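Visitor: Any chance you can model this:
(2 chains)
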Number of protein chains: 2
Amino acid sequence: MARADLWSIGVDLGGTKIEVAKVDAGGTIHGRLRSPTHSKNRPAMIRAEIVSAIREIQKGSESLPAGVGVGVAGQVDPQNGLVHFAPNLDWHEEPLQDDLKHALGLPVVVMNDVRAATWGEWHHGAGQGFNDLICLFVGTGIGGGVVSGGNMLSGCSNTAGELGHMTVDLNGPQCTCGNRGCLEALAGGWAIARQATEAILVDPSVGDHLLKTAGGQADAITAEIVVQAAKAGDPFARSLIDRVEEALIAGCVSLVNAFNPCCLILGGGVVEGLTELLERIDQGVRKKALAAATQSFKVLPAGLKNDAGVIGAATLATHLFGKKEEGRNVK
Amino acid sequence: MARADLWSIGVDLGGTKIEVAKVDAGGTIHGRLRSPTHSKNRPAMIRAEIVSAIREIQKGSESLPAGVGVGVAGQVDPQNGLVHFAPNLDWHEEPLQDDLKHALGLPVVVMNDVRAATWGEWHHGAGQGFNDLICLFVGTGIGGGVVSGGNMLSGCSNTAGELGHMTVDLNGPQCTCGNRGCLEALAGGWAIARQATEAILVDPSVGDHLLKTAGGQADAITAEIVVQAAKAGDPFARSLIDRVEEALIAGCVSLVNAFNPCCLILGGGVVEGLTELLERIDQGVRKKALAAATQSFKVLPAGLKNDAGVIGAATLATHLFGKKEEGRNVK
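Guide: Residues are numbered from 1 along each chain as shown, chains lettered A, B, ... in the order given. Reported below is the predicted structural model:
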């Protein structure tokens, strides 16, 4: 059983918002604060905002948190929590972990945000009890985390899990990463919007429904508009989503054959918007992956939705610092 | 330093040959026996042949082997070394590990042959000193093994590493596994031969050189013939190999982005036949994979060639049983 007084603070630092939550050892959130990220603000200002939100969250708690876990959309050094590069924040080489540690006087661990979300799903979400699982988050971009043999994979330079940049169509469309035919370039939110816009620029008549929703502007069409139109039965939007589905099945087959997970946990806006997609991906993977790799395989919806990041970051902090804290509380 | 009297027996059991070798703790082979596998023979006969070769290899040794490691081209249960399915041998549910243990009175471990070869490359070949590496063997088929964070990945049902069945072209050609556009269906030896044969059946004039080497029979063209012709400057063979290269780069980019290995070790007949392929794959991966994933990344040729299997199987046996053996020898 999780101790009631053992808790940590989870922080999810993205390009548009900072979320700070108090999370107990059982993964339950007790209070949260959310504020917009002003990405043009200097790192020091964003850091000050995080520190103030954490102090606010701590108020009224009888015990100290075991620690603070921070998930950042960027590349993080696993040794010291230095943020090498966070494109959405335009950060380069920011010593976020050290800075927060000094400002707060608490143990702090900084990690990649997708890996934090995977940690959350693994310990308190859809992945509980599995030693081999993959989380694939299909939002504007596509990212993921891999747990194999009970270990979260980090790789040689801590970038393992860039699952959106596996090639699924070597003659496919250009990706933002510079390569062609990445899973993300076919099934990420930005790619869905691009496919709609490009097809409508060639033949506006196919996209009447989408154009109306987007106020007549082809380049104002978003993945969300396409997903909603597909759900409402628009044939053009449906045909775009069919291609997304095909690409996701190809990517998931690659993952299942390469990693042989017990379950594949799918989350993110595109998947949450289209619940029947899960069933179709499950069937597609079972049909196309090697039989030996799908013997006891499941596709599951992510369990924690938008809270996976803060819950995962806090849970890792409790995991790393909770034992020390136990001693401290006893005194 | 490896103890001189600590050694194991490695067995590589394939569809066409059985190789048995005495391997010391430093990975050096001291004596070997090779015999053809008669795959229509019953499992008991093949087993008897393995037992007799092992007894032969043991003769003249002053110490007992620490154990026996066996690599089999098939799906193996990691708990008990039961061979679930070995297509080349037409074996189903063969308790090879238990049977050999009883027959020999020695500790035995049975594993998948590609994983044995990866173990060999990791400990005594090109992968020495790396904690994150991938071996990709490109022969008639394509298989691989993955070491991440110092652990060999096995997956949920012990099939992790089926890297030849990652989808790299979702509209690509049919694979033997039932899916389309697998890496193996574009770059495996059987696929190279198929591409040559199919193109020549459409237009025999393109394949003059290949047809001559194959005795005038389009369906007698092998991957080796194509590789040799490409090396000799035949433009048609060269164009086939260019497509193989493109597919291998796409597959390796997927691997590098998903697993972030420190090195990718390439082996197998197709790669060994075309040494310049390594250089081109290295350049292609560096250009197309994420920059953060290739910061300290290398492409390396496999170091142990055809011996990787026996060396790896024996090394795993020494690793598992060597300590026990030390005690036994002392008495």
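Visitor: The residue nearest the centre of chain A and B:Cys262: what is the separation?
Guide: Nearest to the geometric centre of chain A sits A:Val114, at 3.9 Å (Cα atoms, centre = their mean). Taking Cβ to Cβ, to the nearest Å as the measure, A:Val114 falls 21 Å from B:Cys262. Any C-beta I mention is one placed from the backbone N, CA and C, and that applies to glycine too.
Visitor: got it, and A:Leu96?
Guide: 26 Å.
Visitor: Of those two, which one has the most company?
Guide: The neighbour count for A:Leu96 versus B:Cys262, taken as other Cβ atoms under 10 Å in any protein chain shown, is higher for A:Leu96 (25 against 19).
Visitor: quick one: contacts for that one?
Guide: Contacts for A:Leu96 were tallied using Cβ atoms under 8 Å, 6 or more residues apart in numbering or on different chains; they are A:Pro43, A:Arg47, A:Val70, A:Val72, A:Gly81, A:Leu82, A:Val83, A:Val110.
Visitor: what does the model give it for pLDDT?
Guide: Listed pLDDT for A:Leu96 reads 97.
Visitor: just to revisit the earlier point, so the residue nearest to the centre of chain A makes contact with A:Val138?
Guide: No. A:Val114 lies out of contact with A:Val138 (Cβ atoms under 8 Å); the separation is 11.5 Å.
Visitor: how about A:Val147, secondary structure?
Guide: strand (DSSP: H, G, I helix; E, B strand; the rest coil).
Visitor: mind checking the end-to-end distance for stretch A:168-181?
Guide: 6 Å (Cα to Cα, to the nearest Å).
Visitor: same thing with stretch A:161-180?
Guide: Stretch A:161-180 has an end-to-end distance of 18 Å (Cα to Cα).
Visitor: Check stretch A:181-191 too.
Guide: Length of stretch A:181-191, first residue to last, Cα to Cα: 11 Å.
Visitor: Distance from the chain centre to that stretch, please.
Guide: Remark: stretch A:181-191 is offset 15 Å from the chain centroid, using Cα atoms, centre = their mean, to the nearest Å.
Visitor: And for stretch A:160-173?
Guide: 17 Å.
Visitor: cool, stretch A:37-53 as well?
Guide: Centroid separation between stretch A:37-53 and its chain, computed with Cα atoms, centre = their mean, is 21 Å.
Visitor: Could I get the average pLDDT for that stretch?
Guide: The average of the pLDDT scores along stretch A:37-53 is 88.
Visitor: Stretch A:271-283 now?
Guide: For stretch A:271-283, mean pLDDT is 92.
Visitor: now could you export just the CA positions of it as CSV?
Guide: Output of stretch A:271-283 as CSV, limited to C-alpha atoms (Å, rounded to 0.1, in the frame of the first residue of the first chain):
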residue,chain,number,x,y,z
VAL,A,271,-6.4,8.8,-31.1
GLU,A,272,-8.7,10.2,-28.3
GLY,A,273,-10.8,11.9,-31.0
LEU,A,274,-11.4,8.7,-32.9
THR,A,275,-12.1,5.9,-30.4
GLU,A,276,-12.8,3.3,-33.2
LEU,A,277,-9.2,3.8,-34.4
LEU,A,278,-8.0,1.7,-31.4
GLU,A,279,-10.1,-1.3,-32.4
ARG,A,280,-8.9,-1.0,-36.1
ILE,A,281,-5.3,-0.7,-35.1
ASP,A,282,-5.6,-3.7,-32.9
GLN,A,283,-7.1,-5.8,-35.7
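Visitor: So which bits of it are buried?
Guide: Neighbour-count burial for stretch A:271-283, with 16 or more other Cβ atoms under 10 Å in any protein chain shown as criterion, is recorded at A:Val271, A:Glu272, A:Gly273, A:Leu274, A:Leu277, A:Leu278, A:Arg280, A:Ile281, A:Asp282.
Visitor: which stretches of chain A form helices?
Guide: According to DSSP state H, chain A carries its helices in the segments A:43-58, A:96-104, A:113-124, A:183-187, A:189-202, A:208-213, A:223-231, A:235-259, A:269-273, A:276-288, A:308-330.
Visitor: quick one: which of the ones you listed is nearest B:Ala53?
Guide: Across these, B:Ala53 has its closest neighbour in helix A:235-259 (33.6 Å, Cβ to Cβ).
Visitor: Including neighbour count, could the contacts of A:Leu96 go into CSV?
Guide: Shown next, in CSV, are these (neighbours: other Cβ atoms under 10 Å in any protein chain shown):
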residue, neighbour count
A:Pro43, 17
A:Arg47, 17
A:Val70, 31
A:Val72, 26
A:Gly81, 21
A:Leu82, 16
A:Val83, 24
A:Val110, 29
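Visitor: and those residues, which of them are in strands?
Guide: Judged by DSSP state E, the subset of the contacts of A:Leu96 located in strands is A:Val70, A:Val72, A:Val83, A:Val110.
Visitor: Next, the contact list for the residue in the stretch 201-331 of chain A that chain B sits nearest to, please.
Guide: Nearest residue of the stretch 201-331 of chain A to chain B: A:Asn260, at 2.6 Å (Cβ to the nearest Cβ). Taking Cβ under 8 Å, 6+ apart, we find A:Asn260 in contact with A:Asp132, A:Ala293, B:Leu153, B:Ser154, B:Gly155, B:Cys156, B:Ser157, B:Asn158, B:Thr159, B:Ala160, B:Gly161, B:Glu162.
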